[in-house]
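Colleague: pasting the sequence and the predicted coordinates here, then a few questions.
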Amino acid sequence: MEPILFVIFGAIAVGGAIMVVTRRHPMASALYLILTLFAVAALFVLRQAHFLAAIQVIVYAGAVVVLFIFVIMLINVPVHKLPVERVTGLRFLGVLAAGLLILESAVLTRRFAMPRASAVDAGSVQAVGKALFTDYLLAFEITSVLLLAAVIGAIALAKKKI
Amino acid sequence: MSPIPIDAAALLTGLRCILPEILVVATAIFVLFVDLMIPEENKRILCGISLIGVVISLFSVFLLGPARISGFSGAVVHDGLGAFFEIVILAACALTLLMATGYSEWEGTHKGEFYSLLLLSTSGMMFMAKGTDLMTVFLGLETLSIPIYVLVGFHRHRMSSIEGALKYFLLGAFASGFFLYGVALMYAATGTTKIPALAAMLLDARLAANPVFLAGVGLLLVGLAFKVSLVPFHMWTPDAYEGAPTVVTAFMSAAVKAAAFAALIRVLLLTFGGLQPVMWKVLWALSVLTMTVGNLSALLQDNVKRMLAYSSIAHAGYVLVGLVSGDFLGGQAALFYLLVYAFMNIGAFGVVILIAQKEDEGYDIRNLAGIGFKYPALGAFLTLFLVSLGGIPPTAGFVGKFYLFSAAVKNGYIWLAVLGVLNSAASIYYYLRLVVYMYMVPAEGEMPVPRPSRLAFSAALFASGAAVLLLGIFPGSALDLAARSVLSLLM
Amino acid sequence: MANFVSSIRFSDPYFSVLLMLGIGVGMAVAFVLLSQALGPKRYDRVKYSVYECGVDPFTTASVRIPVKFYLIALLFILFDLESAFIYPWAVLFRQLGWFGFIEMGIFILILLAGLIYAWKKGALEWQ
């Protein structure tokens, strides 16, 4: 079942991502981004990374894209004023480079075996939590300092009067 | 479900290891709360509180000494290298705070947020310098960056400030992405993010040839190269440096650079033996490019702040010369140079702040005309710092460059040293151009009156000046300290 | 395809998610098709107006929302991230014991400082 599901969700993720960069209206892009993020969450589940999947939905699809949509609504450029982007030579080069990168990584990952994940349940909530609260305890606590800095920074930049 | 065992003793050791960082973070939070409680006219004491916190933290670094303390399952280590960079970073922060007393009054940055962000950024730098796990280094990098993005844009009503912040933020976010992706690839190839473990695994030649791992190292390098503004990852530097409040510019150029180089030194020196020669060719090219582009661009600038921004790019190239040398001597020279650079660059920015009347307007080179004789103290200080930046004896800048280039020569990088010396010679032109303006060009019309220096501000200038002279004439003990710091890493 | 169907296990914890997905997509498609097939089709001017009954719209629906939302949204994300860390902690709560409680206590206290600061500064107020 896994390979088929992988193909289905992988196709949704890639298709959604292409739609994100090709839509003219940013709101459409943001909505397709949610689709892509959900599909990637499903891919995480297929790789047994359950915690990552949950975070992907809660944080990215749930919060980050909401902020994107907020900003799009804040700026709110009327549809007829949106710039029409031309397909230029640079873009073709970009697509070419991306294709080469994919080809190259496909060749390389075939030639050089990657170590397999050691434990089957390394991505479960328990396993991630155990690592987070023992070996990576310091990283966890620094995160709170980082978030504090972000709170202060957000207020310093966005509040009318500080 | 069995309980997860906890080693309380190891945890206490870990806490002792990060004591200086804890003190800085605690001060930041304390400043935040004091800011909420005091009225507008008393905000000046926030600067004093921050300064006291930084000094206590500096004291705790000395208290911990050079002994190696490892904590949090090898996520962080207090060793000679970490302590050395903590001293550089905290000294830079203290000098910045001393100058901020006056600057904040003139430009209205006496705000709790300003000092709190400055301190949080400092704590991130310290974590970055001490991190032995790439995850710790990454979190340190982010904790240092996010406050700096905000501080660059702190003058929210000035276009250039916001422009600089936005450019820095966008490119910086990409750089963080590169760094993180690099860590992920290295983890994919090895199954660990601990730097010593990576270094040990690199003894196996198969890993060193693994393209996935090499791609990871490359991306990691890009992320750090961005923070120290190596060419071609330097595009943001002039705009961010020019737009930022000048005290923040001084802080960025000295402390952010030191922190990112600390991580770079830890990764590169430990993995030197294992890395492929091609990586060292890349570093060689980066170093030459950075020196040359930085210096050539600086030649063309009429804005002093922008000129110092390009010069700071060039100086990153000089430090990289020490890293390319790749051995103990190169590391020692790089460390010493970063220490010296912090003092001379902050000092130079300090004088520039005094001469400029206002952000946005005061940084044209013509404003310097005639300053030298009219205000001899300012002229003398600026000349001292510029001469040191140019690498002319008897200043510390000369000693630093001497050791950098001689390390390169001893390791067989003759061409690198030659190019470095040529670059250094070219740089003297634009540094001395400022001196010529100060002493030999008569002022056109009304001569700008410098801001009256505060006691704290003067103290910062005196301290920087004294450090530049003392480290230039008696570099012995600082060089010893740098040497012992590098040795503590290699052991 | 037969392989795919036979490989689906009802005991899989994600089976219900797959089932839900199938039902959700199926119902959405079904309703669209059903209304196409069953609904009466009369196309005239009234049909094409925005509201077939009620007040006609007098401006476009896409208005600029006030910038005040932005700060709130930003703060929401930051505290939402905090909750992402509390989730594994809650799962491991009993195994971690007091030690975990203190760990999370420090984490939350540091962020609480941020919340108090935001609150006192009036960042949560609708100004």
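Modeller: Ah, there it is.

Colleague: pLDDT value on C:A61, please?
Modeller: pLDDT recorded at C:A61 is 68.

Colleague: which stretches of chain C have low pLDDT?
Modeller: Along chain C, the parts satisfying pLDDT under 70 run over C:1-8, C:50-53, C:61-62, C:127.

Colleague: can you tell me the residue of it closest to chain A?
Modeller: In chain C, no residue comes nearer to chain A than C:P88, which is 3.1 Å away by Cβ to the nearest Cβ. Bear in mind the C-beta positions are built from the backbone N, C-alpha and C, glycine included.

Colleague: show me what whatever helix or strand that residue lives in is packed up against.
Modeller: Taking DSSP states H and E as the definition, C:P88 sits inside helix C:68-91. Under the contact definition 3 or more Cβ pairs under 8 Å, 6 or more residues apart in numbering or on different chains; DSSP states H and E, helix C:68-91 sits against helix A:50-55, helix A:65-75, helix A:125-133, helix A:137-158, helix C:93-120.

Colleague: 6 Å instead?
Modeller: Applying 3 or more Cβ pairs under 6 Å, 6 or more residues apart in numbering or on different chains; DSSP states H and E, one finds that helix C:68-91 contacts helix A:65-75, helix A:125-133, helix A:137-158.

Colleague: what's the angle from it to helix A:125-133?
Modeller: If you take axes from the mean of the first three to the mean of the last three Cα atoms, to 10 degrees, helix C:68-91 sits at 100 degrees to helix A:125-133.

Colleague: let me know the angle separating helix C:68-91 from helix A:137-158.
Modeller: Interaxial angle of helix C:68-91 relative to helix A:137-158 (the same axes, to 10 degrees): 170 degrees.

Colleague: give me the contacts around helix C:68-91.
Modeller: Residues from elsewhere that reach helix C:68-91 (Cβ atoms under 6 Å, 6 or more residues apart in numbering or on different chains): A:55, A:58-59, A:63, A:67, A:70, A:74, A:125, A:128-129, A:147, A:150-151, A:154, A:158, C:104, C:111, C:123.

Colleague: now do stretch B:149-167
Modeller: Counting by Cβ under 6 Å, 6+ apart, residues outside stretch B:149-167 touching it are A:153, A:156-157, B:117, B:168-169, B:236, B:239-240, B:243-245, B:248.

Colleague: any idea how far that stretch is from the middle of the chain?
Modeller: The chain centre lies 20 Å from the centre of stretch B:149-167; the measure is Cα atoms, centre = their mean, to the nearest Å.

Colleague: B:F343 and B:L470 touch, don't they?
Modeller: No. Using Cβ atoms under 6 Å as the test, B:F343 is too far from B:L470 to be in contact (9.7 Å).

Colleague: between the two, who's got more neighbours?
Modeller: B:F343 (27 against 14; other Cβ atoms under 10 Å in any protein chain shown).

Colleague: measure the more buried one to chain C for me?
Modeller: Relative to chain C, B:F343 is positioned 33 Å away (Cβ to the nearest Cβ, to the nearest Å).

Colleague: on that earlier part again, what angle separates the helix holding C:P88 from helix C:93-120?
Modeller: On the basis of the same axes, to 10 degrees, helix C:68-91 is oriented at 160 degrees to helix C:93-120.

Colleague: relative to helix A:65-75, how tilted is helix C:68-91?
Modeller: Taking the same axes, to 10 degrees, one finds that helix C:68-91 is oriented at 180 degrees with respect to helix A:65-75.

Colleague: okay, buried residues for helix C:68-91 please.
Modeller: Applying a neighbour-count criterion of 16 or more other Cβ atoms under 10 Å in any protein chain shown, the buried positions in helix C:68-91 are C:69-71, C:73-78, C:80-82, C:85, C:88-89, C:91.

Colleague: now do stretch B:307-323
Modeller: Within stretch B:307-323, the residues scored as buried using 16+ other Cβ under 10 Å are B:307-323.

Colleague: give me the contacts around the one helix or strand B:L46 maps to.
Modeller: Remark: B:L46 resides in helix B:44-64, with elements defined by DSSP H and E. Contact partners of helix B:44-64, identified using Cβ under 6 Å, 6+ apart, comprise B:19-20, B:23-24, B:27, B:31, B:35, B:78, B:83, B:86, B:90, B:93-94, B:97, B:100-101, B:110, B:112, B:115, B:119.

Colleague: one more time with 7 Å, if that's ok
Modeller: For helix B:44-64, the external contacting residues (Cβ atoms under 7 Å, 6 or more residues apart in numbering or on different chains) are B:19-20, B:23-24, B:27, B:30-31, B:34-35, B:78, B:83, B:86-87, B:90, B:93-94, B:97-98, B:100-101, B:104, B:110, B:112, B:115, B:118-119.

Colleague: buried sites along that helix?
Modeller: Under the neighbour-count criterion of 16+ other Cβ under 10 Å, helix B:44-64 has B:46-47, B:49-51, B:53-54, B:56-58, B:60-61, B:64 buried.

Colleague: hmm, whatever helix or strand comes next after that helix in reach of chain C?
Modeller: Per DSSP H and E, the first helix or strand lying C-terminal to helix B:44-64 is strand B:69-71. No. Interface with chain C: strand B:69-71 contributes nothing (Cβ under 7 Å from any Cβ of the partner chain), its closest point being 14.7 Å away.

Colleague: which strands or helices does strand B:69-71 pack on?
Modeller: Strand B:69-71 sits against helix B:8-17, strand B:76-78, with contacts defined as 3 or more Cβ pairs under 7 Å, 6 or more residues apart in numbering or on different chains; DSSP states H and E.

Colleague: direction included, what does it pair up with?
Modeller: Here strand B:69-71 is paired, per DSSP bridges, with strand B:76-78 (antiparallel).

Colleague: pLDDT of the partner strand, averaged?
Modeller: In this model, strand B:76-78 has a mean pLDDT of 91.

Colleague: extract the C-alpha set from the helix or strand bottoming out on mean pLDDT in chain A and format it as PDB.
Modeller: Every helix and strand in chain A was compared by mean pLDDT, DSSP states H and E; the lowest is helix A:89-111, with a mean of 83. Output of helix A:89-111 as PDB, limited to C-alpha atoms (Å, rounded to 0.1, in the frame of the first residue of the first chain):
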ATOM      1  CA  GLY A  89      14.900  33.000 -20.200                       C
ATOM      2  CA  LEU A  90      15.900  33.200 -16.600                       C
ATOM      3  CA  ARG A  91      13.000  31.100 -15.700                       C
ATOM      4  CA  PHE A  92      13.800  28.400 -18.200                       C
ATOM      5  CA  LEU A  93      17.300  28.300 -16.800                       C
ATOM      6  CA  GLY A  94      15.800  27.900 -13.300                       C
ATOM      7  CA  VAL A  95      13.700  25.000 -14.400                       C
ATOM      8  CA  LEU A  96      16.700  23.500 -16.200                       C
ATOM      9  CA  ALA A  97      18.800  23.900 -13.000                       C
ATOM     10  CA  ALA A  98      16.100  22.300 -10.900                       C
ATOM     11  CA  GLY A  99      15.900  19.400 -13.300                       C
ATOM     12  CA  LEU A 100      19.600  18.900 -13.200                       C
ATOM     13  CA  LEU A 101      19.600  19.000  -9.400                       C
ATOM     14  CA  ILE A 102      16.900  16.300  -9.300                       C
ATOM     15  CA  LEU A 103      18.800  14.100 -11.800                       C
ATOM     16  CA  GLU A 104      22.000  14.600  -9.900                       C
ATOM     17  CA  SER A 105      20.600  13.700  -6.500                       C
ATOM     18  CA  ALA A 106      18.900  10.700  -8.000                       C
ATOM     19  CA  VAL A 107      22.200   9.500  -9.400                       C
ATOM     20  CA  LEU A 108      24.100  10.200  -6.200                       C
ATOM     21  CA  THR A 109      21.600   8.600  -3.800                       C
ATOM     22  CA  ARG A 110      21.800   5.500  -5.900                       C
ATOM     23  CA  ARG A 111      25.600   5.300  -5.800                       C
END
